[in-house]
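K.L.:
need a structure here:
(chains A and B)
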Amino acid sequence: MVNQVSVFLENTSGRLAELTRTLGDAGINMHALMVADTSDFGVVRIICDSPQRAKDLLDAKGFGASLTPVVAVEVPDRPGGLADLLEALGEEGMNVEYAYCFVRPTASSAVDVFRVDDDRAQAVLEAAGFSVLSASDLYDV
Amino acid sequence: MPRADIEALQLARLKDLLARVNETVPTYRDKFAAAGFDPSTLSTLHDLRRVPFTVKDDLRAAYPYGMFAVPLRDIVRVHSSSGTTGQVTVVGYTKGDIERWSDLMARTFACAGATADDAIQVTYGYGLFTGGLGAHYGSERLGALTVPVSGGNTKRQVQILKDFGVTVLACTPSYALLIAETAREMGIDPRDLPLKVGVFGAEPWSEQMRRQIEDELGVKAIDIYGLSEVMGPGVASECVHQCGLHVFEDHFLVEIVDPETMEPLADGETGEVVFTTLTKEGIPVIRYRTRDISRIIPEPCACGRTFRRIERVTGRSDDMLIIRGVNVYPSQIEQVLMGVPMVAPHYQVVLTKRGSMDDVEVHVEVVPEFHFDEVRELEALQRRVKTEIESALAVSIKVKLVEPKSIARSEGKAKRVVDLRAEGGA
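P.N.:
So this is what the prediction gives:
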């Protein structure tokens, strides 16, 4: 499991800019950022190189930040790659709460990030032959 | 003091008072004459219902000194109302008034269980507002160690609470929560502070908020009551049993009236609180309509005091919002929020008009410990808050979840309602 920084954000202009500036000024590099939003508020999800420091910084700046354990999986860059993975989870009756994907410039494969409300997710995916990324693969621990 | 003795004392003081103001305050003389009331004909407390009411506008019209019952040379101090609802009103105190006020505030602290062994931090504002100096003099009269910090600089407040070994905190209930929040931010567990008792007043608060303050600060939270037009703090106070506020009836005559018909209501019935000051010299008020909503609790209190109690003030007849024809008190919203996890009792009601309809949006803060990262859960929380507020108020509203600590904290009275209905709108 890796830690994703989740931030509850009001939909007001400039707020996301403040958030990213806070991380930027502290030299924190983001690998992925995803916004899930409604008309009133959003949840910003961030994979970055130092999640704990990012959370502490954001807390200090008055953001509602928390760390959420998510599964990050290296998905082979071929048709059906993601479908195989989801089927492996589905066979175990596991439901994916949300997912997003990013590509690392240095790698030929994509990284899919999943939030699965089941502790067995990582083991199931490893057993199915997927390469589950550890914290050290993604950020400085 | 047995009831009969209290009432005999009240009647004697009332007769003296009415004769005095009829002599010295033209406003009262004119009011009495217009109502055909002759003070010398008052023979029982029941006759009080023949005496005309005094309202805030009477005091405003008399600005600054028109309602004073003694010459200015006998006045040693003035205070004024906060002016939040319009032109400020000025109240004056003679030396004797200050003495009695100090006694009554000392009585308030004693009701809360404080003694000369305590250290009392006064965080109510010092100045024209009655809270700070009223509590200060009362604390000194009690013989307590008085720490006159006044309002503001919350970090410093926390440091002093800790370093000076303060055992009693006097402030508004919303400020008590800010102090707890600030202490935690400073890495201090507010429960580790030496505080034992909080004496809270100047704004309406709920039973749930009391429990939260008691839990977060590790104190017994006592509700106190007063208003500048009547005297300032020290008009009524809860005792350690926390079941309503004893009105200091040897100095104040309390009535509950129907705010529509102005007819006096029986003990136990809810209406507007009306006070007559029995012993004030500088600026006595006769049947002053407070706009505060409460009821008299006639049953005896476990503490043995015979002064009747009023229920905690849950709202004001002029704070009452009329939303699409439904009467709503902001405190009802607070009460709901206290029962919902993951939201803070900090809220703001924003009223706008959409066409001819009132639009109500309640902004509710999520707590800093909040850790949902799923929109679904956030929406479920939003729906829950909406449903619960709607069922409590019987009016449909919108709920907007806002970031932790984004609603402005107040060091005095919290501003809960933003009414934009008069502007723009339609």
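
K.L.:
tell me which parts of chain A are close to chain B?
P.N.:
Contact residues, chain A versus chain B (Cβ under 8 Å from any Cβ of the partner chain): A:4, A:6, A:8-10, A:36-38, A:40-43, A:45, A:59, A:62-64, A:66, A:68, A:97-98, A:115. In short, each C-beta sits where N, CA and C put it, glycine included.

K.L.:
nearest to chain A: which residue in the stretch 1-150 of chain B?
P.N.:
Closest residue of the stretch 1-150 of chain B to chain A, Cβ to the nearest Cβ: B:T123 (23.6 Å).

K.L.:
so where is the chain shaky, pLDDT-wise?
P.N.:
Here I'm looking at chain A. Regions of chain A meeting the criterion pLDDT under 70 cover residues A:107, A:140-141.

K.L.:
nope, chain B please
P.N.:
In chain B, residues with pLDDT under 70: B:82-86, B:317-319, B:324-325, B:327, B:356, B:410-414, B:422-426.

K.L.:
any idea which residue of chain A lies closest to chain B?
P.N.:
Counting by Cβ to the nearest Cβ, chain A gets nearest chain B through A:S6, at 3.3 Å.

K.L.:
which helices and strands sit right next to the host helix or strand of that residue?
P.N.:
Here A:S6 is covered by strand A:2-10, with elements defined by DSSP states H and E. When contacts are defined as 3 or more Cβ pairs under 8 Å, 6 or more residues apart in numbering or on different chains; DSSP states H and E, strand A:2-10 sits against helix A:15-25, strand A:41-48, helix A:51-60, strand A:64-75, strand A:110-116, helix A:135-138.

K.L.:
from the chain's centroid, how far away is it?
P.N.:
The chain centroid and the centroid of strand A:2-10 are separated by 9 Å under Cα atoms, centre = their mean, to the nearest Å.

K.L.:
please apply the same query to stretch B:97-110.
P.N.:
Centroid separation for stretch B:97-110 versus its chain: 17 Å, with Cα atoms, centre = their mean.

K.L.:
quick one on the thing from earlier: check contacts around the residue of chain A closest to chain B.
P.N.:
By Cβ atoms under 8 Å, 6 or more residues apart in numbering or on different chains, A:S6 lies in contact with A:V43, A:V44, A:R45, A:I46, A:A65, A:S66, A:L67, A:T68, B:H371, B:F372, B:D373.

K.L.:
save those as a markdown table, and put in neighbour count too.
P.N.:
Shown next, in a markdown table, are the contacts of A:S6 (neighbours: other Cβ atoms under 10 Å in any protein chain shown):
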| residue | neighbour count |
| --- | --- |
| A:V43 | 22 |
| A:V44 | 22 |
| A:R45 | 22 |
| A:I46 | 24 |
| A:A65 | 28 |
| A:S66 | 20 |
| A:L67 | 16 |
| A:T68 | 19 |
| B:H371 | 16 |
| B:F372 | 20 |
| B:D373 | 24 |
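
K.L.:
need these in TSV (columns: distance to B:V166).
P.N.:
TSV is the format used below for these (distance: Cβ to Cβ, whole Å):
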residue	distance to B:V166
A:V43	41
A:V44	41
A:R45	44
A:I46	42
A:A65	33
A:S66	34
A:L67	37
A:T68	40
B:H371	34
B:F372	37
B:D373	40
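
K.L.:
next structured bit after the top helix by length along chain B?
P.N.:
In chain B, taking DSSP state H as the definition, the longest helix is helix B:3-24. Using DSSP H and E, the next helix or strand after helix B:3-24 towards the C-terminus is helix B:26-34.

K.L.:
can you count the residues close to the residue of the stretch 1-150 of chain B closest to chain A?
P.N.:
Using other Cβ atoms under 10 Å in any protein chain shown, B:T123 has 28 neighbouring residues.

K.L.:
contacting residues around it?
P.N.:
B:V149, B:S150, B:G151, B:Q157, B:L169, B:A170, B:C171, B:Y175, B:I179.

K.L.:
now do B:V340
P.N.:
Contacts for B:V340 were tallied using Cβ under 8 Å, 6+ apart; they are B:L381, B:R384, B:V385, B:E388.

K.L.:
can you lay out these as JSON lines showing secondary structure, distance to B:V230 and neighbour count?
P.N.:
Compiled in JSON lines, the contacts of B:V340 are given as follows (DSSP: H, G, I helix; E, B strand; the rest coil; distance: Cβ to Cβ, whole Å; neighbours: other Cβ atoms under 10 Å in any protein chain shown):
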{"residue": "B:L381", "secondary structure": "helix", "distance to B:V230": "42", "neighbour count": "20"}
{"residue": "B:R384", "secondary structure": "helix", "distance to B:V230": "41", "neighbour count": "15"}
{"residue": "B:V385", "secondary structure": "helix", "distance to B:V230": "37", "neighbour count": "23"}
{"residue": "B:E388", "secondary structure": "helix", "distance to B:V230": "36", "neighbour count": "17"}
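
K.L.:
and which of the residues you listed is nearest to B:R3?
P.N.:
Each of these was scored against B:R3 by Cβ to Cβ, and B:E388 proved nearest at 41.9 Å.

K.L.:
what sits closest to the closest one if chain neighbours are left out?
P.N.:
Closest residue in space to B:E388, ignoring its immediate chain neighbours: B:V336 at 4.9 Å, by Cβ to Cβ, 6 or more residues apart in numbering or on different chains.

K.L.:
in the stretch 301-426 of chain B, which residue sits closest to chain A?
P.N.:
Proximity of the stretch 301-426 of chain B to chain A (Cβ to the nearest Cβ) peaks at B:D373, 3.3 Å away.
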